[in-house]
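In: Give me a model of this one.
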Amino acid sequence: MKNLVREMRTARDMSQVELGGALGVSRQTIIAIEHGRYLPSLPLAIAMARFFKTSVEDLFILEKGGRR
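Out: Next up is the predicted model:
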C-alpha cells in the first residue's frame, strides 16, 4: 500500500516528531508508516486523514495486485 504521508507532512513543513505529537504516536511510528513498513490502525488512519484534511483513500492508496 502506497501512502502520501511524507509528502503531506513535508508540504506543511512538519517534522516526524511534530506529526507524531499531533497524532499521539511516536516518531518511529511515523517513520514506519512513511516507509510502508507499518499499516496504521483504522482509527489512526482516520485521524491522519482528518489532520491533513483529506480522505483516507487519498492518503493511503491501495495498489493494483496489493494485499487485502
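In: For stretch 32-43, measure first residue to last.
Out: Its first and final residues considered, stretch 32-43 spans 17 Å by C-alpha to C-alpha, to the nearest Å.
In: cool, stretch 30-44 as well?
Out: Terminal-residue distance, stretch 30-44 (C-alpha to C-alpha): 11 Å.
In: if we look at it, which residues are touching it?
Out: Contact with stretch 30-44 is made by 1-3, 5-6, 9, 16, 19-20, 23, 25, 29, 48, as judged by C-beta atoms under 8 Å, 6 or more residues apart in numbering. For every residue, glycine as well, the C-beta is placed using N, CA and C.
In: what's the next secondary structure element after the helix with the most length in the chain?
Out: The longest helix of the chain (DSSP state H) is helix 42-51. Downstream of helix 42-51, the first helix or strand assigned by DSSP states H and E is helix 56-59.
In: What lies in contact with that following helix?
Out: Against helix 56-59 from outside (C-beta under 8 Å, 6+ apart): 3, 4, 5, 8, 45, 46, 48, 49, 52.
In: Any of those residues buried? List them.
Out: Taking 16 or more other C-beta atoms under 10 Å as the criterion, what is buried in those is 3, 5, 8, 45, 48, 49, 52.
In: Same list, the residues you listed, but as CSV with distance to residue 58 please.
Out: Output for those, formatted as CSV (distance: C-beta to C-beta, whole Å):
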residue, distance to residue 58
3, 10
5, 11
8, 9
45, 11
48, 11
49, 8
52, 9
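In: Out of these, the closest to residue 61 would be?
Out: Using C-beta to C-beta, residue 3 comes nearest to residue 61 of the buried ones among the contacts of helix 56-59, at 6.8 Å.
In: Helices along the chain, start to end?
Out: Under DSSP H, the chain gives helices at 5-11, 16-23, 27-34, 42-51, 56-59.
In: If any of the contacts of stretch 30-44 are buried, give me the ChimeraX selection for them.
Out: Of the contacts of stretch 30-44, the buried ones go into a single ChimeraX selection, burial set by 16+ other C-beta under 10 Å:
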select :3,5,9,16,19,20,23,25,29,48
